[in-house]
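In: The sequence and its predicted three-dimensional model are supplied below.
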Amino acid sequence: MSLTFFLTTALSTTGLQGDVHVHGHGSAMMAAEDNGRVEIILEIPAESLWGFERSPRTDAERQAISDARDVLGGEVFSFSARADCQLLSAEIGDDDGHESDGHHGSGHDDSGHHDVEVHYVFQCSGSAEIDEVSTTLFAHFARLEELESVFVDSSRQIGFELTEERSRYPFPR
Ligand SMILES: [Zn+2]
């Protein structure tokens, strides 16, 4: 089954709306397939990452974006150790909000806001081994307050929030 199928299911059952833009609030949609492939689509307002949503005007602003991209492109999510997940790729949407794949359109809405989207792909030993997720994003981005999150696999659909205080979420059994 495809990620799109999982996420469509997840969105319809949790009411999570990826299009709402609130500073400090991001979303992380996670889907695990039975073969152990796990994908995460992370969406965070640019304001919550580097403090502004227009194009950078100074070297310092360009550096802030570059630093944030370095963090986002690394291992900011981790799963249960016994699931043995390896990060295969992390693709970050263009800084100007125009996603390179054209799939999600522009990250800018009519009021000039800008969301940054990152697509992570992991390979794990198996999705059934995943019983918790944690993130280091709050340690890196002080403006980020919460990530509204969904984890879906063939047998589970779990909605939860990750926050600075609760950056590790054990899945209920
Ligand atoms: Zn905004």
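Out: Alright, I've got the coordinates.
In: any idea how far residue 141 is from whatever residue of the chain ends up closest to the ion?
Out: Nearest residue of the chain to the ion (Cβ to the ion) works out as residue 113 at 3.3 Å. C-beta here means a position set from N, CA and C on the backbone, and glycine is covered the same way. Distance, residue 113 to residue 141, by Cβ to Cβ, to the nearest Å: 17 Å.
In: Distance-wise, check the residue nearest to the residue of the chain closest to the ion when sequence neighbours are not counted relative to residue 144.
Out: Distances taken as Cβ to Cβ, 6 or more residues apart in numbering place residue 21 nearest to residue 113, at 4.8 Å, with adjacent residues excluded. From residue 21 across to residue 144, the span is 14 Å (Cβ to Cβ).
In: More neighbours: those two, which one.
Out: residue 144 (23 against 19; other Cβ atoms under 10 Å).
In: For the more buried one, give me the backbone phi and psi.
Out: As for residue 144, its main-chain torsions (degrees, to the nearest 10) stand at phi -80, psi 130.
In: OK, contacts around it?
Out: Residues in contact with residue 144, defined by Cβ atoms under 8 Å, 6 or more residues apart in numbering, are 24, 26, 44, 48-49, 137-138, 164.
In: Who does the residue nearest the centre of the chain form a beta bridge with?
Out: Residue closest to the mean C-alpha point of the chain, counted by Cα atoms, centre = their mean, is residue 42 at 1.7 Å. Beta-bridge pairing of residue 42, defined through DSSP bridges, involves residue 28, residue 118.
In: What is the lengthiest helix in the chain packed up against?
Out: Secondary structure of the chain per DSSP state H: the longest helix is helix 59-72. Applying 3 or more Cβ pairs under 8 Å, 6 or more residues apart in numbering; DSSP states H and E, we find helix 59-72 packed against helix 46-50, strand 86-92, helix 137-140.
In: what's the average pLDDT for that helix?
Out: Throughout helix 59-72, pLDDT has a mean value of 97.
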